[in-house]
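A.B. asks: Sequence first, predicted model second:
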Amino acid sequence: MSATPAKHLYSGIGIYTAPPGLSRNEFNRHMQELMDALARLPTAKNFHHFNVIYQTDDLEEHMQGLGFPSPPATTLVTAASENRNKMVAFFRDPAVVQLIHGSEHFGLQAAACAYSADLTVHVDNASSAGADSAKRPQAILIFKIPEDISEEDYHLGLDSMIEALLSTEVAKKHLIKHSKWTQTDDFTEEYKRWKYPDPERVVVLMLECDTTESLKEILGHEHIKQVISEAKENLSLHVNSNCFSAEVVSLI
């Protein structure tokens, strides 16, 4: 499996689930207001990218067909910079801290899972795809590592699944981008500054295609179903998973 670690970028990812009693639309409204305010700050201009990923229902039937549970209302945020010091400057910016702390009223911190990440890109045909990446649909697969499996063994098993998935003709035909976000502890202390809890042991996969129909064709393919079925058996892939379609809003 050909993979390119994005070592030149310092990346962070936040997974935010809406608290009980707050609808997805309300939660997204709060998130949009917060992220727009953060993106306007001078320290945010140091980012290579700053994206908000909003959940949609376009793949709900296909995800359930793979044995994944209905996802909670979820929004993801990704950011990256070529310079670690500039990332830290954003974390410590008093204006950023004030905005983050002021978002406790809608449950930002309560169910947050945020961490620094090693970003590995297995497929990247974006330069030849033509359209803006932010306008292409994505499938987001968030997997929780079971307590009885070591992280090393889990990643070995997951990488084997990814290799099998990417080797299929349907994936070669339709995938524009495939990436894996592996948890690191590079910014652990910085997230604590924001009153975030320790992150759960999770892994995030992102699949990007030209159309939602292409994503459906991949996820509905019999060989893909078999590959995922085996991973469910070996890795408990479906337990506490959070998988859905999404649209990306690029703020920077």
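C.D. replies: Nice, I can see it. Numbers count the residues shown, from 1 in each chain.
A.B. asks: from here on, contacts and neighbour counts on C-alpha atoms
C.D. replies: Noted.
A.B. asks: partners of the strand ranked longest in the chain in the sheet?
C.D. replies: Looking across the chain with DSSP state E, the single longest strand is strand 112-124. Strand 112-124 pairs in its sheet with strand 4-5 (antiparallel), strand 10-17 (antiparallel), strand 175-184 (antiparallel), by DSSP bridges.
A.B. asks: Deepest in the core, which of these is it.
C.D. replies: Comparing the strands paired with strand 112-124 by mean neighbour count (mean count of other CA atoms under 10 Å), strand 10-17 ranks first with a mean of 22.
A.B. asks: Convert it to PDB, retaining C-alpha atoms only.
C.D. replies: Presented in PDB, the C-alpha positions along strand 10-17 are these (Å, rounded to 0.1, in the frame of the first residue of the first chain):
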ATOM      1  CA  TYR A  10       1.600  19.700  12.100                       C
ATOM      2  CA  SER A  11      -2.000  18.600  12.200                       C
ATOM      3  CA  GLY A  12      -4.800  18.600  14.700                       C
ATOM      4  CA  ILE A  13      -8.300  17.200  14.600                       C
ATOM      5  CA  GLY A  14     -11.300  17.800  16.800                       C
ATOM      6  CA  ILE A  15     -14.400  15.500  16.900                       C
ATOM      7  CA  TYR A  16     -17.400  17.200  18.500                       C
ATOM      8  CA  THR A  17     -20.700  15.500  19.300                       C
END
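A.B. asks: Contacts for it next, please.
C.D. replies: By CA atoms under 8 Å, 6 or more residues apart in numbering, the residues outside strand 10-17 that reach it are 72-84, 87, 108, 111-119.
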